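*Asks:* just to be clear, the model below is a prediction. Sequence and coordinates:
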Amino acid sequence: MNIHSDKILILDFGSQYTQLIARRVRELGVYCELHPWDMTDEDIRAFAPKGVILSGGPESVIEPNAPAAPQAVWDLNVPVLGICYGMQTMAAQLGGKVDPGSVKEFGYAEIRAHSQSRLLKDIEDRVNDEGHGLLDVWMSHGDHVSQLPEGFKRIASTKDVPIAGMADESRNYYALQFHPEVTHTTQGARIYSRFLHEICGCGDAWKPGRIIEDAIETVRKQVGTSKVLLGLSGGVDSSVVAALLHKAIGEQLTCVFVDHGLLRHQEGDQVMKIFADHLGVKVIRVDAEERFLRELAGVSDPEAKRKIIGRLFVEVFEEESAKLQGIDFLAQGTIYPDVIESAGGKTKKAHVIKSHHNVGGLPERMKMKLVEPLRELFKDEVRAIGVELGLPREMVYRHPFPGPGLGVRILGEVTKAAADTLRLADHIFIEELRRSGWYDKTSQAFAVFLPVKSVGVTGDGRRYEPVIALRAVQTIDFMTAHWAHLPYELLDVCSRRIVNEIPGVSRVVYDISGKPPATIEWE
Ligand SMILES: Nc1ncnc2c1ncn2[C@@H]1O[C@H](COP(=O)(O)OP(=O)(O)OP(=O)(O)O)[C@@H](O)[C@H]1O
Ligand SMILES: O=c1[nH]c(=O)c2[nH+]cn([C@@H]3O[C@H](COP(=O)(O)O)[C@@H](O)[C@H]3O)c2[nH]1
Ligand SMILES: NC(=O)CC[C@H](N)C(=O)O
Ligand SMILES: [Mg+2]
């Protein structure tokens, strides 16, 4: 069976949890795609899902012109599951009624499951005296369904909301006011499994091993006997693409790894060791440190620095591909959140906060076709595939590292001396995070070089040297982030080691800014 043959369509009404729904569905072995709620009827029919999930959302169905599910959803003759707003719009569209509640439910709630529902049958945390199942769930709503549509029965209630779940089993329509996709809803995965596997009849073919087989087949068909070029950074996404393409097309793949002198401690050697030595991948290491540093000399504006680095990346790639000749394809590590975000981005009028370096500007000018084997995958799936392909865990689970590297972590002008100092400080910080078990509890952590001098005293001597700032954040999608509350003892060890082991540092500070208002990188 094809891994894409059983697929679920998730229509996004703007909930904070929509991506989480998609991840839960994927974890249960079912392929799904997430599309905006106003997807056209034609596209929905063409997608041919085995079931549809309507997400939650911030709007109220009571307002005029509130978002609604397209007609095709009701005409497809497949099961539909409405979550929160999805339940409310289902009720409103099929002839029921939704009212603003006098009691709003945010957070924990206890659900009482009502008898005979195919969706919730025997799924419970506890049973009450009358034999009804009770579930601990997570709620986040103001409105509620006050009158069931024709043909529906109530399948769940809370003490404040009489209709917290409903179903029309003859048509396979189900709806829940709570969010089964969040981990606080302890039976959430079982509820989704019931919907996907039993009600929609989906299999569980979407698994790392099968995804790899499928991707290999697709790449081979697409590429034929042509040559493919991949920019390999040693980061998670491009590393997994390299391992996958190596398996799919072997010698037809050439990777270009640009050592711009702004990499982490011994990173260049590590990348070469893993890919060229162990995995036998063809990797060209371009030593471009001098060129990058020369062009960056005297430049201190963050955007100007980013633009220079971006341009140099493109130049290096162009030069290398010209040398190789006959390259028809450019491989990229585009992943599903990139696709979702750039689709949403078309209508958004966002400010440019910082221009992320982008190898995506390359293909059109180089007339190469794109190979993007990770386009459908979330980061956790990319990681699972990386492990399956035999990449070392440390590489697959490492924190992301921006393309411009230390260039945006040395504030102001970038110099070799600053890069060397920062590399050492960063290395100490990461080493201590790993030692203490905090590396895996943070999403990204690094050191920043601040070119302000401050006075210190070591032994009996005076120091007048720059400052190192440490930053560690916890985040799911890197769009918002909390600063990590690292233990004082850990910060203490890092601070002492950095000042003792690196002569060019007088002082260490810890960044306690969230995003927003700050960004994760300092420039
Ligand atoms: N030093 C480099 N040499 C060659 N290509 C690079 C380099 N740095 C970045 N790239 C290219 O830019 C792309 C985007 O970088 P990005 O940091 O977003 O992804 P990544 O490095 O693959 O993974 P991660 O997000 O885990 O760091 C990479 O996939 C890679 O193709
Ligand atoms: O490949 C990249 N090229 C870039 O130019 C770039 N700038 C920021 N980042 C990474 O993006 C995430 C969010 O960072 P900010 O909060 O600083 O915008 C964080 O994970 C950053 O490390 C980049 N990644
Ligand atoms: N999380 C949701 O989907 C909320 C739905 C709707 N906005 C309400 O407040 O009831
Ligand atoms: Mg990277």
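*Replies:* Good, I have the coordinates. Keep in mind it's a predicted model, so treat the numbers as computed, not measured. Ligands and ions are numbered 1, 2, ... in the order given.

*Asks:* CA only for contacts and neighbour counts going forward, please
*Replies:* Fine.

*Asks:* pLDDT weak spots in this protein?
*Replies:* Low-confidence segments of the chain (pLDDT under 70): 1, 115, 342-351, 357-366.

*Asks:* residue numbers of the chain in contact with ligand 1?
*Replies:* Within the chain, the positions adjacent to ligand 1 are 231-233, 235-238, 256-259, 332-333, 359, 400-403 by C-alpha under 6 Å from any ligand atom.

*Asks:* minimum distance to ligand 3, which residue of the chain gives it?
*Replies:* Closest to ligand 3 within the chain is residue 56: 3.2 Å, counting by C-alpha to the nearest ligand atom.

*Asks:* enumerate the residues of the stretch 101-250 of the chain near ligand 3.
*Replies:* Residues of the stretch 101-250 of the chain lying near ligand 3 (C-alpha under 6 Å from any ligand atom): 140-143.

*Asks:* what's stretch 95-108 in contact with?
*Replies:* 61-62, 88, 91-92, 136-150, 160, 184 (C-alpha atoms under 8 Å, 6 or more residues apart in numbering).

*Asks:* which element is whichever residue of the stretch 1-150 of the chain sits closest to ligand 2 on?
*Replies:* Nearest residue of the stretch 1-150 of the chain to ligand 2 (C-alpha to the nearest ligand atom) works out as residue 19 at 17.7 Å. Element membership for residue 19 (DSSP states H and E) is helix 18-27.

*Asks:* next, see if the helix or strand containing residue 306 gets close to ligand 2.
*Replies:* Assigned by DSSP H and E, residue 306 belongs to helix 302-324. No - Helix 302-324 lies out of reach of ligand 2 by C-alpha under 6 Å from any ligand atom, never closer than 6.8 Å.

*Asks:* buried residues, that helix. List them.
*Replies:* The neighbour-count check on helix 302-324 (16 or more other C-alpha atoms under 10 Å) flags 302-303, 305-314, 316-318, 320-321 as buried.

*Asks:* before we move on, the earlier item: contacts for the helix holding residue 19 next, please.
*Replies:* 10, 12, 31-34, 55-56, 181-182, 189, 192, 196, 206, 378.

*Asks:* now for these, which pair is the farthest apart?
*Replies:* Largest separation among those by C-alpha to C-alpha: 56 and 206, giving 24.6 Å.

*Asks:* looking at those two, which one has more neighbours?
*Replies:* Shown here are residue 56 and residue 206; by other C-alpha atoms under 10 Å, residue 56 has more neighbours (27 against 23).

*Asks:* pretty sure that one contacts residue 90?
*Replies:* No - in terms of C-alpha atoms under 8 Å, residue 56 does not count as a neighbour of residue 90; the distance is 11.3 Å.

*Asks:* shared neighbours of those two, anything?
*Replies:* residue 82.

*Asks:* if we can go back for a sec, so which of the buried residues of helix 302-324 also contact ligand 4?
*Replies:* Among the buried residues of helix 302-324, not one lies near ligand 4 by C-alpha under 5 Å from the ion.

*Asks:* so the residue of the stretch 301-450 of the chain found nearest ligand 4, which state does it fall into?
*Replies:* Relative to ligand 4, the nearest point of the stretch 301-450 of the chain is residue 401 (4.1 Å; C-alpha to the ion). Secondary structure assignment for residue 401 (DSSP: H, G, I helix; E, B strand; the rest coil): coil.

*Asks:* for it, which non-adjacent residue is spatially closest?
*Replies:* Leaving aside its chain neighbours, residue 401 sits nearest to residue 235 (6.5 Å; criterion: C-alpha to C-alpha, 6 or more residues apart in numbering).

*Asks:* quick one on the thing from earlier: next, count neighbours for the residue of the stretch 301-450 of the chain closest to ligand 4.
*Replies:* Other residues lying near residue 401 total 17 when counted by other C-alpha under 10 Å.

*Asks:* quickly find the element holding residue 29.
*Replies:* Using DSSP H and E, residue 29 falls within no helix or strand.

*Asks:* state the number of residues packed around it.
*Replies:* When neighbours are defined as other C-alpha under 10 Å, residue 29 has 21 of them.

*Asks:* against residue 208, how distant is it?
*Replies:* Residue 29 sits 9 Å away from residue 208, going by C-alpha to C-alpha, to the nearest Å.

*Asks:* how near is the residue nearest to residue 401 to residue 34?
*Replies:* Applying C-alpha to C-alpha, the value for residue 235 to residue 34 is 26 Å.
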